[in-house]
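>>> Sequence and predicted structure, then a few things I'm wondering about:
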Amino acid sequence: MLSAGERPQPPHAPKVNSTSVPVSKAHIMPDLTNGASLHEPKNANAQTQHIWVVTGPAGCGKSTAGNVLRKHLGVPFLEGDDYHPAANKEKMGQGIPLTDEDRWDWLISLRQAAIEALSPSEANNNHPPAGVVVACSALKQKYRDVMRVAAYGSPNVQIHFVYLKLDEKVLFQRVTQRQSHYMKSSMVQSQLAALEEPKGEWDAITINVEGSMEDVQRNVIQAVSEKLAEYE
Ligand SMILES: Nc1ncnc2c1ncn2[C@@H]1O[C@H](COP(=O)(O)OP(=O)(O)OP(=O)(O)O)[C@@H](O)[C@H]1O
Ligand SMILES: O=C(O)[C@H](O)[C@@H](O)[C@H](O)[C@H](O)CO
């Protein structure tokens, strides 16, 4: 069974198929095959709204790059860490890797927040924003499939995964140098062990982030701008 990200690129409307999510968690991948949508129907002329999910293991720079994109695009930014329940943060702080079970509800709440962020808001003069940036590790393909449901059935919504790629040594340095964060360097190995790079997933953009903050900022903005140009 192909994951949504593995299927050939449809005309800007991600397809989501059932993923390897346990039946008991069927609500994670709601049955939208009847054309239902998680969104209110949008009018045919609505501009495409883009969900930019900045992904990668703890410490790779998701929050840093996410904030750069928020400013550049002028859209809301959701920090995935804020949607982890305390139990997850406690577990990671104790050096215990999260399991799939720990992550499903976290991913669902983050997906719902992303959908809600696309609604018109006072902050945006009661207009819908051009999109939303989400910092979310989304380490595994099936986690990205859960997030893909946010755009399912909504041709005006397009999700992209901006995967921040760096080698273990650099990742270890960044997590080690970081002050007062619950995720310690002892967790780097488990993050990399869980990581499934989005190879072959047509809605993913991979960016090497081993350079300086300035280089990474430039590369992230360039990659996203090039992707946006495809929708003009
Ligand atoms: N290009 C870079 N060069 C050097 N340091 C960086 C770079 N990008 C981010 N950092 C630093 O690396 C650390 C981790 O960055 P950040 O918090 O953005 O990662 P993250 O992926 O959001 O982490 P987590 O998933 O644990 O929240 C921070 O101290 C940040 O300042
Ligand atoms: O899925 C996970 O294991 C977590 O989401 C980590 O990858 C995050 O980076 C965590 O929020 C630490 O900040």
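Nice, I can see it. Ligands and ions are numbered 1, 2, ... in the order given.
>>> Show me where this structure dips below the pLDDT cut-off.
Filtered on pLDDT under 70, the chain yields the residue ranges 1-46.
>>> Spell out which parts of it neighbour ligand 2.
Listed as neighbours of ligand 2 in the chain under the rule C-beta under 6 Å from any ligand atom: 57-58, 80-81, 84, 92, 98, 103, 137, 139, 183, 191. Where C-beta positions appear, they are placed from N, C-alpha and C, glycine not excepted.
>>> So Pro128 is in contact with Ser119, correct?
Yes - judged on C-beta atoms under 8 Å, Pro128 makes contact with Ser119 at a distance of 6.4 Å.
>>> So between the two, which is more surrounded?
Neighbour comparison, Pro128 and Ser119: the larger count goes to Pro128, with 16 against 13 (by other C-beta atoms under 10 Å).
>>> middle-most residue in the chain, spatially?
Centroid-nearest residue in the chain: Val53, 2.7 Å away (criterion: C-alpha atoms, centre = their mean).
>>> partners of that one in the sheet?
Val134, Phe161 (DSSP bridges).
>>> what about it, distance to Phe161?
5 Å (C-beta to C-beta, to the nearest Å).
>>> cool, Leu98 as well?
Leu98 sits 19 Å away from Phe161, going by C-beta to C-beta.
>>> Those two: who's more crowded?
A direct count of neighbours by other C-beta under 10 Å for Leu98 and Phe161 places Phe161 higher, at 24 against 20.
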